[in-house]
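>>> Fold the following, please.
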Amino acid sequence: MLNLFILSAVAGVLVALFIVPFLSTSKEKETRLAVTEWVAIVGLAAVAGISIFVFYYVTNVDRNWTSLWVALLVTTLLGTLASTGKERLLKGILFLGALVVGGYMLSAPLFNADKKYKAVEMDQQVEIKAFDETKTPASVPPKFARNKMKKAFGQVPNTSYFELGHLQIQKVNDEFVYIAPVEFSGFFKWLNGKTTPGYFTMSATDSADNPKFIKSEMKYTPSSYFHHQVERHMRMAFPDLIFYGEVQLEIDDEGKPHYFRSYGNFITARNGFDVKGIVMVDPMTGATTKFGLSDVPGFIDGAVSPEAVSLQNSYFGKYVHGFWNSVVGKKDVKLPSDEGTEANVSPIFDETGHMYYFTDFTSPKEGVDSMLGYALTDGRTGEATYYTGNLEESYMDSQGALQIIEKKFIEKKWTGEMPVLYNFYGEASWLTPVLDSNGFLQNYFIVSAANPEISVYGNSPNEALRLYKTALQRGGSTVDGSSDAEEAKAAITVKRVFKERVGDFTLVSILADDGRNFIISTEVAPLAVYVQEGDRLVLTYLETGELFLPVKDLTNTTIE
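A predicted model of the protein is given here:
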């Protein structure tokens, strides 16, 4: 706070000295106005100093001199108009200098497009590797998780004081979970409560999981006021840093919460942003630490804010050939979608538990739902890879996948949320949770990006994957697992059989006498509908390592 007082006082004095004229045209007038001039300087310095203090305190902007370029421009203009003679000439030169600075600030977006693109240029590849079908993707939609947390809010003491804060996904103790802090619901609630009681946690992979409230008092939060507001607390500790994006909450493996925010540099002037690290705050003690991206604590998954990633995607898509091309010709321009769950991007995890931000890119031409590519940005380093997809095929974008879901469930008025593109069995595929009008999860929908006629839905991601594998087989696609599944043969005796009607076909699940489980659709092998317990079968299947091994061909030697 002392730093802000000093900055405001010094800036206020400089403003007054610039505006109040010192040189007079006559000695008599100079003597008569001496006292008046000093009164004017003191009064103007006080008003300017208070105004600057309020500006910085309310906006919480960085306290670099460049943040005052508008004030510099206005001050030198007023000083020039108020003075005469040589003093006017001198202040006029200063005004021209301020005008040049202002022009540089305002014109920066017109000339720094190449630098922006260079700062975020992505490595390019064709396709992501196949998803491990033995794993479960973190696919519980945040809207559904938030609804369940709200219904569990009765676990919070003094419930009327608080409300649910921003939802954040992360990995804790090798499990994917949603974290949402309990926040103050207003100024007077903060005045009476002083601290928030804790946060909620819920599985991001199991929709049947119930939210749990974890007690952990927090004093420095986004919903606190004055010097206890966590963003302002960060600014007081690091007045010169350039922050971008909202404050986020993550917990360590012991369950202790930590607030953090991304910081970085402007590209040029006060325009653009390039992330460099985070500032982390202990929400109870207020202890504040600055980390570069290479030194971020291991439990932090999203060190780079989703807002910063969304901005990087915008630079990469728009400025491939400079600023003017993004406005006029639009050659090779691609627009990032706005279907993400956080600032137009969606956090996802790979099979090792590392977090990435996903977004797909589409054409700027209206009415086109063809995807031009997609990007994955490392949540800890900000490094991104752009995937073009199979250039011989046209991929449907996320908006197209959502439209298919809307038409599929038009009578029930269900909608999709958080579409994410995966490589399922060698096929680029959209996995999308489906919600009803109340925000409750109904099923998981998978559709091929290259062949939209191939689609399935199930009660869980793994069930949908199982059905999708069968749909790909009957659709003539080559099914490849992430484990480099090899084709194998087996001669078995049926111990148990279960038949389930799925659309126009029947899904046959078989338990063999050797304990293995197999699955096949009657569209692949129509005679599989006659399989009974005790039958002897010769199977051709894929060795994927899953609980239910997909069968490509079946011969029932008992009835042949």
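
>>> Where is the longest strand in this structure?
For the chain, the longest strand by residue count, based on DSSP state E, is strand 486-502.

>>> Could you list the residues in contact with that strand?
456, 467, 506-514, 516, 518, 521, 529, 531-543, 552 (Cβ atoms under 8 Å, 6 or more residues apart in numbering). Backbone N, C-alpha and C define where each C-beta goes, glycine included.

>>> Work out the gap between stretch 457-476 and the centre of the chain.
Its chain's C-alpha centre and that of stretch 457-476 lie 28 Å apart, by Cα atoms, centre = their mean, to the nearest Å.

>>> Correction: the previous question concerned stretch 200-210.
19 Å.

>>> Run through the stretch 401-550 of the chain and note the low-pLDDT ranges.
Where the stretch 401-550 of the chain drops to pLDDT under 70, the residues are 473-485, 502-504.

>>> now do the chain
Using pLDDT under 70, the chain drops low at 23-35, 367, 473-485, 502-504, 560.

>>> Could you measure from the most centrally placed residue in it over to residue 166?
In the chain, the centroid-proximal residue (Cα atoms, centre = their mean) is residue 306; its distance is 3.3 Å. When distance is defined by Cβ to Cβ, to the nearest Å, residue 306 is 11 Å away from residue 166.

>>> and the gap between the residue nearest to the centre of the chain and residue 224?
In terms of Cβ to Cβ, residue 306 sits 23 Å off from residue 224.

>>> same deal with residue 288?
15 Å.

>>> For those two, indicate the residue with more neighbours.
Between residue 288 and residue 224, residue 224 has the larger neighbour count (other Cβ atoms under 10 Å), namely 24 against 18.

>>> one step back: among the contacts of strand 486-502, name the ones in strands.
Using DSSP E, the contacts of strand 486-502 in strands are 456, 506-512, 518, 521, 536-543, 552.

>>> of those, buried ones?
Buried subset of these (neighbour count, 16 or more other Cβ atoms under 10 Å): 456, 506-512, 518, 521, 537, 539, 541-542.

>>> Let me know the closest of the residues you listed to residue 83.
Among those, residue 456 lies closest to residue 83 (Cβ to Cβ), at 77.7 Å.

>>> helices and strands around the strand or helix carrying residue 472, which ones?
Using DSSP states H and E, residue 472 sits within helix 461-474. Secondary-structure packing of helix 461-474 (3 or more Cβ pairs under 8 Å, 6 or more residues apart in numbering; DSSP states H and E): strand 420-424, strand 427-435, strand 441-448, strand 455-458, strand 505-512, strand 517-521, strand 548-556.

>>> how does it look with 6 Å?
Applying 3 or more Cβ pairs under 6 Å, 6 or more residues apart in numbering; DSSP states H and E, we find helix 461-474 packed against strand 441-448, strand 455-458.

>>> any chance of these in TSV, with distance to residue 415 too?
Putting the helices and strands packed on helix 461-474 into TSV (distance: least, Cβ to Cβ, whole Å) gives the following:
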stretch	distance to residue 415
strand 441-448	10
strand 455-458	13
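
>>> buried ones in the host helix or strand of residue 39?
Assigned by DSSP H and E, residue 39 falls within helix 27-59. For helix 27-59, a neighbour-count test (16+ other Cβ under 10 Å) marks 40-41, 44-45, 48-49, 52-53, 56-57 as buried.

>>> just stretch 194-203 next, same as before
Across stretch 194-203, burial judged by 16+ other Cβ under 10 Å covers 195-203.

>>> contacts for it?
Contact with stretch 194-203 is made by 145, 149, 157, 177-182, 209, 211-219, 221, 257, as judged by Cβ atoms under 6 Å, 6 or more residues apart in numbering.

>>> Stretch 344-358 too?
132, 135, 138, 169, 171, 176, 301, 306, 309-310, 338, 340, 359, 376-377, 379, 418, 420.

>>> Drop anything exposed from these.
Neighbour-count burial (16+ other Cβ under 10 Å) applied to the contacts of stretch 344-358 gives 132, 135, 138, 169, 171, 176, 301, 306, 309-310, 340, 359, 376-377, 379, 418, 420.

>>> Which residue ranges of the stretch 51-200 of the chain form strands?
Shown for the stretch 51-200 of the chain, the strands assigned by DSSP state E, counting those that start in this stretch span residues 123-125, 162-164, 168-172, 175-184, 196-203.

>>> So which elements touch the fourth one?
For strand 175-184, the helices and strands in contact under the criterion 3+ Cβ pairs under 6 Å, 6+ apart are strand 162-164, strand 196-203, strand 248-251.

>>> The same query, at a cut-off of 7 Å, please.
Judged by 3 or more Cβ pairs under 7 Å, 6 or more residues apart in numbering; DSSP states H and E, the packing partners of strand 175-184 are helix 142-151, strand 162-164, strand 168-172, strand 196-203, strand 248-251.

>>> List the buried residues for stretch 67-75?
Neighbour counts over stretch 67-75 (16+ other Cβ under 10 Å) mark 68-69, 71-75 as buried.

>>> One more: stretch 327-339?
Buried residues in stretch 327-339, counted by 16+ other Cβ under 10 Å: 330, 333-337, 339.

>>> a markdown table for those, including distance to residue 107 and secondary structure?
Shown next, in a markdown table, are the buried residues of stretch 327-339 (distance: Cβ to Cβ, whole Å; DSSP: H, G, I helix; E, B strand; the rest coil):
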| residue | distance to residue 107 | secondary structure |
| --- | --- | --- |
| 330 | 21 | coil |
| 333 | 21 | coil |
| 334 | 26 | coil |
| 335 | 24 | strand |
| 336 | 25 | strand |
| 337 | 30 | coil |
| 339 | 33 | coil |
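
>>> Closest one to residue 428 out of those residues, please.
Nearest member of the buried residues of stretch 327-339 to residue 428, counting by Cβ to Cβ, is residue 337, at 15.2 Å.

>>> show me the contacts for that closest one.
If a contact means Cβ atoms under 7 Å, 6 or more residues apart in numbering, then residue 337 has 344, 359-360, 362, 397-399 as its contacts.

>>> One more: residue 416?
401-402, 405, 432-434, 445.

>>> One more: residue 446?
Residue 446 makes contact with 424, 429-431, 455-456, 464, 468, according to Cβ under 7 Å, 6+ apart.

>>> Repeat that for residue 288.
233-234, 237, 279, 281.

>>> Could you rerun that using 6 Å?
Counting by Cβ under 6 Å, 6+ apart, residue 288 makes contact with 237, 281.

>>> Run through the bridge partners of it.
Beta-bridge partners for residue 288, by DSSP bridges, are residue 281.

>>> now residue 213
On the basis of DSSP bridges, residue 213 is bridged to residue 200.

>>> Number the chain from 467, please
Got it, the first residue is 467 from now on, which makes the last one we talked about residue 679.

>>> sorry, back to before: for the longest strand of the chain, which positions count as buried?
Buried residues in strand 952-968 (16+ other Cβ under 10 Å): 956, 958, 960, 963, 968.

>>> and if you look at stretch 756-768?
Buried residues in stretch 756-768 (16+ other Cβ under 10 Å): 757, 759, 762, 765-768.

>>> Out of the buried ones among the ones in strands among the contacts of strand 952-968, flag the one nearest to residue 550.
Closest to residue 550, out of all of these and judged by Cβ to Cβ, is residue 922, at 82.1 Å.

>>> Any idea how many residues pack against the nearest residue to that closest one once chain neighbours are set aside?
The shortest distance from residue 922 to any non-neighbouring residue, by Cβ to Cβ, 6 or more residues apart in numbering, is to residue 933 (4.1 Å). Neighbours of residue 933 under the rule other Cβ under 10 Å: 22.

>>> repeat for the one 5 residues further on
Residues near residue 938, counting by other Cβ under 10 Å, number 24.

>>> Same list, the buried residues of helix 493-525, but as TSV with distance to residue 791 please.
Formatted as TSV, those follow (distance: Cβ to Cβ, whole Å):
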residue	distance to residue 791
506	52
507	51
510	47
511	48
514	43
515	46
518	40
519	43
522	38
523	41
